[in-house]
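# how would this look folded up:
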Amino acid sequence: MSEKNAFYTKLELQLKDTTSFPGEYMYKFIVPTDENQFEEVQKIFNNAGAVIKTKKSKTGKYSSLSVVLQIESASKVIEYYKKAEKIKGIISL
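Modelled structure (predicted):
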C-alpha cells in the first residue's frame, strides 16, 4: 500500500470515530496566488453548496482557503481531498 493510500485509510478511520455524518466538514487549503489554483478549488466544490472563504498571505504570494461543506460520509471527505491533491502547488491542512 502506498504512503498516500495508507494516509487516506487512516484519515477515514479517524473521521468515522470522531465525526458524525451527515454533517458539516471544513477543508483548509493553501494555494499559490499567482496562478488559477483558487478557481480549480472552486470547480471541485462548485455544485456541492460549499461556502468558500479566502485570505491572502501578508506577501500576497499565497491564499488560504476554508471550504465548509455538508458531507454524507467519511469516504466522501476523502474523495474531495483526492480531487484537490491533483491541483498544482496545493497544500491540504
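
# Pull the contacting residues for the spatially most central residue of the chain.
Centroid-nearest residue in the chain: Tyr27, 4.1 Å away (criterion: CA atoms, centre = their mean). Applying CB atoms under 8 Å, 6 or more residues apart in numbering, we find Tyr27 in contact with 65-69, 80-81, 84, 92. For every residue, glycine as well, the C-beta is placed using N, CA and C.

# same thing but at 10 Å, please
Counting by CB atoms under 10 Å, 6 or more residues apart in numbering, Tyr27 touches 41, 44-45, 50, 52, 65-69, 71, 77, 80-81, 84, 92-93.

# Could you tell me what pLDDT the model assigned to it?
The model reports Tyr27 with a pLDDT of 97.

# Please name the bridge partners of it.
Val67 (DSSP bridges).

# What's the separation between it and Ile90?
11 Å (CB to CB, to the nearest Å).

# Now for the two: what residues contact both?
Contact with both Tyr27 and Ile90 is made by residues 41, 65, 84, according to CB under 10 Å, 6+ apart.
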